[in-house]
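[1] structure for this input, please:
(chains A, B and C)
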Amino acid sequence: MPELPEVEVLARHLRPLVKNKTIRAVEVRRARVIRPTSERTLKNTLTGAELISLERRGKYLIFKLHKPGRREPVKLLGHLGMTGRMFLAPKNAALPKHAAVVLDLGRERFVFEDTRYFGRFTLDVSSLAKLGPEPLSKEFSAKHLARELAKSRQPIKVKLLDQSLVAGVGNIYASEALFRARISPLSPANKLTSAQNLRLVKTIRQVLAEAIRFGSTVPLNHGQTGDSDGLFYFGRAEGAPDYYEERLKVYDRAGRSCRRCGHAIKRIVQAARSTFYCPRCQPRLRLSA
DNA sequence: CACCATGTTCCTTG
DNA sequence: CCAAGGAACATGGT
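    Residues are numbered from 1 along each chain as shown, chains lettered A, B, ... in the order given. Take a look at the predicted model:
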């Protein structure tokens, strides 16, 4: 589920649900997701702590907790990896097969489940220091982009996945933003014109903001089984428009016709990830005058 | 069996 | 030291 919009929507959903709740017990079912924190340390630190706030940074969730006897707040970092989910469930509800960490909150449980276990739920917050600016903040500007891109000859699509350039853009929205900016994903980063940099900043913001808006409108249901639970984008809530079908213009549309010009959407592989684009709307070479 | 999947990190190579 | 490329991680869907 996770790129910035999905994580933002999740944060908005969870925030009121976890606020002021006290963690009674911690169950670690898959130690890999808490590394490098040890199970003992996680349990000692979280047990008895009260959830104070929940923030998002890039694709990370930052839980701040108050641990009695400690002056400084405890920070807990969550990341959904490729397949992670977080939700609250009644205590008697069955846990999903790949529940990785379960927090006992008294009346209910907080569950972090992750099929592939690429996600994180850890006290180690060092990853945050490597992140670039938030794409929806003023720090993310054409000037910032230009300065950073000038240092790299990597294809622009590959650079957009670099979290130290801008935090939160992933494989889906990278393709989407480039399509809207009409920039070829193959363009070397340092070859973008200033006009292109400006357009790219705008379309990245636009694509992410639109996805948040859409996700926030869909009624969220974080049950554990069934098709439309916990999925804001990839499931389809009854009667709700399907984001995948209607909002994404190029992602996963290889061979289908471009919504703008009708040309066939192309799929290529860059840095071992799929990239989708319209070769006509996003020409590789600029026509010289 | 083959290939694909919303992500990050580690290791190697130049 | 840095940039860039590729493998690894792990499970499931088609």
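
[2] contacts and neighbour counts: CA atoms only from here.
    Will do.

[3] contacts only, for A:T37.
    By Cα atoms under 8 Å, 6 or more residues apart in numbering, the residues touching A:T37 are A:122-124.

[4] right, I mislabeled it, should have said A:S126
    Contacts of A:S126 by Cα under 8 Å, 6+ apart: none found.

[5] at 10 Å what do you get?
    A:L77 (Cα atoms under 10 Å, 6 or more residues apart in numbering).

[6] could you tell me the per-residue confidence at it?
    Note for A:S126: predicted pLDDT of 95.

[7] likewise A:M1?
    71.

[8] relative to DNA strand C, how far out is it?
    Distance, A:M1 to DNA strand C, by Cα to the nearest atom of the strand, to the nearest Å: 14 Å.

[9] so how far is A:A195 from the closest residue in space to that residue that isn't next to it in sequence?
    Take A:M1 and drop its neighbours on the chain: the residue closest to it by Cα to Cα, 6 or more residues apart in numbering is A:T83, 5.9 Å away. Using Cα to Cα, to the nearest Å, we find A:T83 at a distance of 36 Å from A:A195.

[10] okay, those two: which has more neighbours?
    A:T83 (15 against 10; other Cα atoms under 10 Å).

[11] which part of the stretch 151-289 of chain A gets nearest to DNA strand B, residue-wise?
    Closest contact between the stretch 151-289 of chain A and DNA strand B, by Cα to the nearest atom of the strand, is at A:G170 (3.2 Å).

[12] quick one: that residue and A:P135 touch, right?
    No: A:G170 lies out of contact with A:P135 (Cα atoms under 10 Å); the separation is 11.9 Å.

[13] mind listing what A:V269 touches?
    A:275-276.

[14] could I have stretch A:253-267 exported to PDB, CA atoms only?
    What follows is stretch A:253-267, C-alpha atoms only, in PDB (Å, rounded to 0.1, in the frame of the first residue of the first chain):
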ATOM      1  CA  ARG A 253      -1.400   0.400 -18.500                       C
ATOM      2  CA  ALA A 254       1.200  -1.100 -20.800                       C
ATOM      3  CA  GLY A 255      -0.200  -1.600 -24.300                       C
ATOM      4  CA  ARG A 256      -3.400   0.300 -23.600                       C
ATOM      5  CA  SER A 257      -4.000   3.600 -25.200                       C
ATOM      6  CA  CYS A 258      -2.800   6.900 -23.800                       C
ATOM      7  CA  ARG A 259      -5.700   8.900 -22.300                       C
ATOM      8  CA  ARG A 260      -4.300  12.000 -23.800                       C
ATOM      9  CA  CYS A 261      -3.200  11.100 -27.300                       C
ATOM     10  CA  GLY A 262      -4.200   7.500 -27.900                       C
ATOM     11  CA  HIS A 263      -0.700   6.100 -28.500                       C
ATOM     12  CA  ALA A 264       0.200   2.800 -26.800                       C
ATOM     13  CA  ILE A 265       1.600   3.100 -23.300                       C
ATOM     14  CA  LYS A 266       5.000   1.600 -23.000                       C
ATOM     15  CA  ARG A 267       6.500  -0.400 -20.100                       C
END
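
[15] quick one on the thing from earlier: quick one: residues contacting the residue nearest to A:M1.
    Neighbours of A:T83 in contact, by Cα under 10 Å, 6+ apart: A:1-2, A:113-119.

[16] ok so, going back, now, the contacts of A:T37 that are in strands?
    Per DSSP state E, strands hold the following members of the contacts of A:T37: A:T122.

[17] buried among the contacts of A:T37? Make that a ChimeraX selection.
    Buried residues within the contacts of A:T37, by 16 or more other Cα atoms under 10 Å, are selected in ChimeraX with:
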select /A:122,123,124
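
[18] tabulate the contacts of A:T37 in JSON lines, adding columns for distance to DNA strand C.
    Shown next, in JSON lines, are these (distance: Cα to the nearest atom of the strand, whole Å):
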{"residue": "A:T122", "distance to DNA strand C": "16"}
{"residue": "A:L123", "distance to DNA strand C": "19"}
{"residue": "A:D124", "distance to DNA strand C": "18"}
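
[19] show me what contacts the residue of the stretch 151-289 of chain A closest to DNA strand B?
    So A:G170 contacts A:2-4, A:58-59, A:157-158, A:160-163 (Cα under 10 Å, 6+ apart).

[20] list buried residues within these.
    Buried residues within the contacts of A:G170, counting neighbours by 16+ other Cα under 10 Å: A:2-4, A:58-59, A:157-158, A:160-161, A:163.

[21] what about DNA strand B: which of the residues you listed touch it?
    Among the buried ones among the contacts of A:G170, the ones lying near DNA strand B by Cα under 7 Å from any atom of the strand are A:2-3, A:59, A:161, A:163.
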